[in-house]
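Asker: sequence unknown, structure follows:
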C-alpha cells in the first residue's frame, strides 16, 4: 500500500522516442490531490482515480508507468478506508484549528473489506485474531445486530502478536478505529435492551495545577500520554520544542511570557499517528502560564552559576515602564568581571561584588530591574567567596 511520502517521491521516465506521454503538470496536480487525500486533507476516491484521463503531451511522462502507478493508488484508496481522511480535529485550548472536513462515515462493507499493513521490520503488531473478532463486532453493530459503543472502541486494548508472528500494524489499526469511533458517535442510538454495564475507564494521572513552582527539571521530565481513539492530539515535536523554551525560561536563558504560553498553538500529528493528549498538555501549560504570569524566575530559583558561560545566559529583566532601572553598562561591566573570576582568571573579588553600586537610568522604563540585580549580586558574591576569591 502507498503512503503520502510515496506520492511525493514518485518519478516517471520519458516515453519511448516517437510516442506521446501524459501531460506532466496535469499528472503532478492530480498526484498532489492524492497525497493530500492520504494526509486527510482531500477526498479523492478510487473511482476518481480510475476515471482520470490525462492529456497527451510530448515528451511528458511515460504513460504505461503512470497507469501502473495509478492502479496502486486506486488499490490503496479501495482497501484502506482509514486512508480517505484524517479524523476529528484537535479541540484543545492550544489547537491550531478546530475546523476540518467531517470524517467519512463507515459502512459495514468498509469494515468487512478493510485491510491492514504489516508492521515495520523489527516491530510487533496487534494480534490478528483479536482484531478480526473486534471488527466482526463493529460490522455487526453497524448492521444493527450488536451494541458496541464509541467508548468501548476508545478503551479497547489488544494483545501484541506472539513471537514468530508480525500481526497488524498498530498505527494502521488505531487509525481505522478512530473512524469507527467517529461513525458510532454520529449514529443515533437504536431502541435496544439496556446496554451491558461498562466498567469505568482507567484514570490516568494528569499534570494538575500543582502547588509548588515548576522547575526546569519538571519541564524536562514531564511526560504526556496518548489521546483516546477518535482524537489526534498535539504534534509531539512542536510541543517538545515549546517545552525547551519553557525550560530555558525557567533557567533564566529565555524570556518566554505568560501571554506567549497562552497563545501557543500546536497542529495535529501527521495522518496515522497520535500525538500528546491535548488535555494533559493544556493542563500543564496552564500551570506554566500561571507561574510565568507571576513574573520571571528570581535569581534564587536559578541553578548555581559556576562559569562565565552560564552567567551570560541569564536574561536580566528590564525595569518596569514606571520605574528607573540600573544602568545596563555598569551592571554588564561588573558581570563581565565576575564571569572572568568564575573561569579562574583575575577578575572581581567577592568583596568588590558585594560592595558594587549602580547608578539609575535617566528615564523610567530604562535599565535593568533593580530588585532582580540586588538579588543576583549577593549570590554571585557568595559563589566567589566559596572559591576563595
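Answerer: Perfect, thanks for sending it. Note that the structure is a prediction, hence the values are computed from the model and not measured.
Asker: rest of the way, CA atoms for contacts and neighbours
Answerer: Noted.
Asker: which residues touch the host helix or strand of residue 76?
Answerer: Element membership of residue 76, judged by DSSP states H and E, is helix 63-79. Here helix 63-79 makes contact (C-alpha atoms under 8 Å, 6 or more residues apart in numbering) with 1-2, 12-13, 15, 21-22, 45-47, 49-50, 83-84, 113-115.
Asker: For that helix, list every residue counted as buried.
Answerer: Within helix 63-79, the residues that count as buried by 16 or more other C-alpha atoms under 10 Å are 63, 66, 69-70, 73-74, 76-79.
Asker: So for this structure, the centremost residue is which one?
Answerer: residue 235 (1.5 Å; C-alpha atoms, centre = their mean).
Asker: Tell me how far the closest residue to that one other than its chain neighbours lies from residue 282.
Answerer: Nearest in space to residue 235, with sequence neighbours left out and distances taken as C-alpha to C-alpha, 6 or more residues apart in numbering, is residue 269 at 4.4 Å. Remark: distance between residue 269 and residue 282 (C-alpha to C-alpha, to the nearest Å) = 16 Å.
Asker: And for residue 54?
Answerer: According to C-alpha to C-alpha, residue 54 and residue 282 sit 48 Å apart.
Asker: Of these two, which one has the most company?
Answerer: Neighbour count, other C-alpha atoms under 10 Å: between residue 54 and residue 282, residue 282 has more, with 19 against 15.
Asker: distance between the helix or strand the more buried one falls within and the chain's centre?
Answerer: Per DSSP H and E: residue 282 is located in helix 278-293. Chain-centre distance of helix 278-293: 16 Å, with C-alpha atoms, centre = their mean, to the nearest Å.
Asker: Next: stretch 136-153.
Answerer: In terms of C-alpha atoms, centre = their mean, the centre of stretch 136-153 is set 31 Å apart from its chain centre.
Asker: Check stretch 65-72 too.
Answerer: So, by C-alpha atoms, centre = their mean, the centroid of stretch 65-72 is 34 Å from its chain's centroid.
Asker: For the nearest residue to residue 138 once chain neighbours are set aside, give me its contacts.
Answerer: Spatial nearest neighbour of residue 138, excluding adjacent residues (C-alpha to C-alpha, 6+ apart): residue 148 at 6.7 Å. Residues counted as contacts of residue 148 (C-alpha under 8 Å, 6+ apart) are 137-138, 141.
Asker: so residue 148 sits in a strand?
Answerer: No - read with DSSP: H, G, I helix; E, B strand; the rest coil, residue 148 is coil and lies in no strand.
Asker: Distance of residue 289 relative to residue 325?
Answerer: 26 Å.
Asker: Neighbour count for those two, which is higher?
Answerer: More crowded of residue 289 and residue 325, by other C-alpha under 10 Å: residue 325, with 26 against 19.
Asker: how about the more buried one, phi and psi?
Answerer: Main-chain torsions, residue 325, degrees, to the nearest 10: phi -100, psi 180.
Asker: neighbours of residue 322, just the number please.
Answerer: For residue 322, the neighbour count with other C-alpha under 10 Å is 10.
Asker: how would you label the nearest residue to it once chain neighbours are set aside: helix, strand or coil?
Answerer: Excluding the flanking residues, the one nearest residue 322 by C-alpha to C-alpha, 6+ apart is residue 364, at 5.4 Å. With three-state DSSP as the basis, residue 364 sits in coil.
Asker: Give me the number of neighbouring residues for residue 364.
Answerer: Residue 364 has 14 neighbours, counted by other C-alpha under 10 Å.
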